[in-house]
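Colleague: Okay, predicted coordinates and the sequence, questions at the end:
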Amino acid sequence: MALQSLDIKQRSATTTPSTQVRQTTEVAKLIDVSTCIGCKACQSACMEWNDLRPEVGSCSGVHDNPTDLGPEAWTVMRFSEVELDGRLEWLIRKDGCMHCSDPGCLKACPAPGAIIQYSNGIVDFHQENCIGCGYCVTGCPFNIPRLSAKDSKAYKCSLCSDRVAVNQAPACAKVCPTGAIQFGAKEDMKDYAEQRIADLRERGFAKAGLYDPPGVGGTHVMYVLQHADQPGLYHGLAEDPSISPLVSLWKGVAKPLATAVLAAVSLGSLFHYVTKGPNEVAKDIEDEIEREERAAREREEKEGAK
Amino acid sequence: MKFTRRQFLKLSSAGLGGSSIVLMGFSPTAALAEARAYKLARAVETRNTCPYCSVACGLLMYSIGDKSKNVQQDIIHIEGDPDHPVSRGSLCPKGAGLLDFIHSPNRLKYPEVREAGSKEWKRISWDEALDRVAALMKEDRDANFVAQNAEGVTVNRWLTTGLLAASASSNEAGYITHKVVRATGMIAFDNQARV
């Protein structure tokens, strides 16, 4: 059941512990925004591999196509034109699931086994267990999952977990003609990012850096940004993403508290039953009630006879 | 069935309690989950070259069946060939979408001819098509071939016919195509060997 590369680390709405003994390599995808040409080969390859065919859309006046992520578009290129120091820059970011170490979607999900985190870092949706509540959409700090109107189930990038399980790169990373998408062990990806950042700094991008936000425990999809001090420039990439306080409140405090209260009520009821026993009516009171009832019935019968 | 008020309350509270306990995560389920099964296991892998542009990226085409005699092969997936020296596994968006190009209802699968003055495309056999192209080429070349220009210099030009050859060819196939076409004196010509 559990492939060695895909031992389960976390499972939504499940209290039984997951396997924790085997140590597997943590993987990551590195997207170098500075070498992306926006060709969308990654989008094509993603749809081809994952058997997704969204409706043919229409031109919205900009290069973004499809204009947004969808149940059948797990990755889209986001094009932003920004002016910095009087220079126009065309920033192209490949948007999609970030595969957080601390996934907000998984934390918010109430359906057991609908969201899985593997020990290699991939966060995967299992649609057969999805109940379509949409909590993952609100729980996600990056606004990634999308509910399908066809089957009311949530979909998003799986980091090609089926390919990674047999040691192939995700379809988008393999296809990328400029090498802007790299795939490998997370440590190696960080090393590669360091080289890219040094190169960018040399070329005048003093604020170049790696986007691996600590607010969600780091991610398994990382960006090399020319302007790492302003991630918002890249089509509103979150500055400091974290799981919504409401999700943390519900799953962090409210749920254990409610569980404790429920347990206390059950326990209290048991003790009450043992010490006090059921509420019994004394024999003479019952006799009196019966007498009164009989009298009432007789009265009714008499009136009925008249 | 007789159902007293007390029984009703008991049943209701038991149901409420039970569902609350389940909701609070007291319902143990086996922690089972699997990645989607790898869809290329045992698929037939065929190497080829992308038909679009003259970069000629390497392809791996995957088909259902295992080439056994009772199975009709059908391509289910295409991705880049990591062993190809030019593309090393990568592709452009057009190459990455080749699967739908192959299965497109608009794809041309056999030679067709539209006769002069006709609005209809008519299907013809490969033999018919090749014979006809060869005959027309010879006829045109015999009529218009320029062996010498006005100054009497030998030029051996054939300017009235052009040829657009395949892009999905190897270096060797491109070389041979180039030699054959240039040998006829044809000038207007494009194929893989351009790059």
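Modeller: Sure thing, it's come through. Numbers count the residues shown, from 1 in each chain, chains lettered A, B, ... in the order given.
Colleague: what about A:Asp191, which SS state?
Modeller: Following DSSP: H, G, I helix; E, B strand; the rest coil, A:Asp191 is assigned to helix.
Colleague: Please tell me how far it sits from chain B.
Modeller: According to Cβ to the nearest Cβ, to the nearest Å, A:Asp191 stands 21 Å off from chain B. C-beta coordinates here come from the backbone N, C-alpha and C atoms, glycine included.
Colleague: Then A:Cys130?
Modeller: From A:Cys130 over to chain B the distance is 13 Å, taken as Cβ to the nearest Cβ.
Colleague: so who does that residue touch?
Modeller: Taking Cβ atoms under 8 Å, 6 or more residues apart in numbering or on different chains as the criterion, A:Cys130 is in contact with A:111, A:114, A:153-154.
Colleague: possible to save the residues you listed as JSON lines with distance to chain B?
Modeller: Listed next are those as JSON lines, based on distance: Cβ to the nearest Cβ, whole Å:
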{"residue": "A:Ala111", "distance to chain B": "11"}
{"residue": "A:Ala114", "distance to chain B": "10"}
{"residue": "A:Lys153", "distance to chain B": "14"}
{"residue": "A:Ala154", "distance to chain B": "16"}
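Colleague: okay, those in CSV with neighbour count next?
Modeller: Listed next are the contacts of A:Cys130 as CSV, based on neighbours: other Cβ atoms under 10 Å in any protein chain shown:
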residue, neighbour count
A:Ala111, 18
A:Ala114, 27
A:Lys153, 18
A:Ala154, 27
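Colleague: Out of these, name the ones that lie in helices.
Modeller: Nothing among these maps onto helices, per DSSP state H.
Colleague: And the strand or helix carrying B:Glu172, how far out from the chain middle?
Modeller: For B:Glu172, the host element (DSSP states H and E) is helix B:171-183. The chain centroid and the centroid of helix B:171-183 are separated by 24 Å, computed with Cα atoms, centre = their mean, to the nearest Å.
Colleague: the helices in chain A, which residues?
Modeller: Secondary structure of chain A (DSSP H): helices at A:41-49, A:104-108, A:135-139, A:161-164, A:171-175, A:186-202, A:245-248, A:255-276, A:283-305.
Colleague: Which residue, other than its chain neighbours, is closest to the spatially most central residue of chain A?
Modeller: Chain A has A:Cys105 as the residue nearest its centroid, 2.4 Å off, counting by Cα atoms, centre = their mean. Excluding the flanking residues, the one nearest A:Cys105 by Cβ to Cβ, 6 or more residues apart in numbering or on different chains is A:Cys136, at 3.7 Å.
Colleague: distance of that neighbour from chain B?
Modeller: Taken as Cβ to the nearest Cβ, the span from A:Cys136 to chain B is 16 Å.
Colleague: Kindly tell me how buried that residue is, as a neighbour count.
Modeller: Using other Cβ atoms under 10 Å in any protein chain shown, A:Cys136 is surrounded by 28 other residues.
Colleague: Thought A:Ala108 was touching it, still the case?
Modeller: Yes - using Cβ atoms under 8 Å, A:Cys136 is in contact with A:Ala108, at 5.9 Å.
Colleague: picking up where we left off before, distance of the residue nearest to A:Cys105 from A:Pro110?
Modeller: To A:Pro110, A:Cys136 is 10 Å away according to Cβ to Cβ, to the nearest Å.
Colleague: in chain B, what spans have low per-residue confidence?
Modeller: Applying pLDDT under 70 to chain B picks out residues B:1-2, B:18, B:20-33, B:192-195.
Colleague: Counting by contacts, list what the helix holding B:Glu172 packs against.
Modeller: Using 3 or more Cβ pairs under 8 Å, 6 or more residues apart in numbering or on different chains; DSSP states H and E, the elements in contact with helix B:171-183 are strand B:189-190.
Colleague: How far does the strand it packs on sit from its chain's centre?
Modeller: Offset of strand B:189-190 from its chain centre (Cα atoms, centre = their mean): 23 Å.
Colleague: Adjacent strands (with direction) for that strand?
Modeller: Applying DSSP bridges to the sheet, strand B:189-190 is found paired with strand B:163-164 (parallel).
Colleague: Show me the domain layout of chain B.
Modeller: Taking automatic domain parsing as the reference, chain B has its domains at B:44-102, B:112-194.
Colleague: Just give the number of residues close to the nearest residue to A:Asn143 once chain neighbours are set aside.
Modeller: Closest residue to A:Asn143 apart from its sequence neighbours, by Cβ to Cβ, 6+ apart: A:Val137 at 7.5 Å. Look at A:Val137: counted by other Cβ under 10 Å, it has 16 neighbours.
Colleague: B:Gly95 too?
Modeller: B:Gly95 has 26 nearby residues by other Cβ under 10 Å.
Colleague: cool, and the one 4 residues further on?
Modeller: Look at B:Leu99: counted by other Cβ under 10 Å, it has 20 neighbours.
Colleague: May I have the lowest-mean-pLDDT helix or strand in chain A exported as CSV, CA atoms only?
Modeller: Using mean pLDDT, DSSP states H and E, helix A:245-248 stands out as the lowest-scoring helix or strand of chain A, at a mean of 82. Extracted C-alpha coordinates of helix A:245-248, given in CSV (Å, rounded to 0.1, in the frame of the first residue of the first chain):
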residue,chain,number,x,y,z
PRO,A,245,-6.4,32.1,12.4
LEU,A,246,-10.0,30.7,12.1
VAL,A,247,-8.8,27.4,10.9
SER,A,248,-6.1,27.3,13.7
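Colleague: Tell me how far the nearest residue in space to A:Ser248 that is not next to it in sequence lies from B:Arg157.
Modeller: Among residues not flanking A:Ser248 along the chain, A:Lys107 sits closest, at 7.6 Å (Cβ to Cβ, 6+ apart). To B:Arg157, A:Lys107 is 75 Å away according to Cβ to Cβ.
Colleague: Go ahead and name everything in contact with the longest helix along chain B.
Modeller: Determined from DSSP H, the single longest helix within chain B is helix B:126-144. By Cβ under 8 Å, 6+ apart, the residues outside helix B:126-144 that reach it are B:110-111, B:113, B:124, B:158-161, B:184-185.
Colleague: mind checking pLDDT for the residue lying closest to A:Gly132 once chain neighbours are set aside?
Modeller: Spatial nearest neighbour of A:Gly132, excluding adjacent residues (Cβ to Cβ, 6+ apart): A:Ser152 at 3.6 Å. For A:Ser152, the model assigns a pLDDT of 96.
Colleague: Please name the nearest non-neighbouring residue to the most centrally placed residue in chain B.
Modeller: For chain B, B:Leu98 is the residue whose C-alpha lies nearest the centre (Cα atoms, centre = their mean; 3.8 Å). Excluding the flanking residues, the one nearest B:Leu98 by Cβ to Cβ, 6+ apart is B:Ile78, at 4.7 Å.
Colleague: For that neighbour, pull up the helix or strand it's in.
Modeller: Under the criterion of DSSP H and E, B:Ile78 resides in strand B:75-80.
Colleague: Of the helices of chain A, which shows the lowest average pLDDT?
Modeller: helix A:245-248 (a mean of 82).
Colleague: Touching that one from outside, list them.
Modeller: Contacts of helix A:245-248 (Cβ under 8 Å, 6+ apart): A:104, A:107-108, A:135, A:138-139.
Colleague: Now do the helices in chain B.
Modeller: B:5-21, B:93-96, B:98-102, B:126-144, B:171-183.
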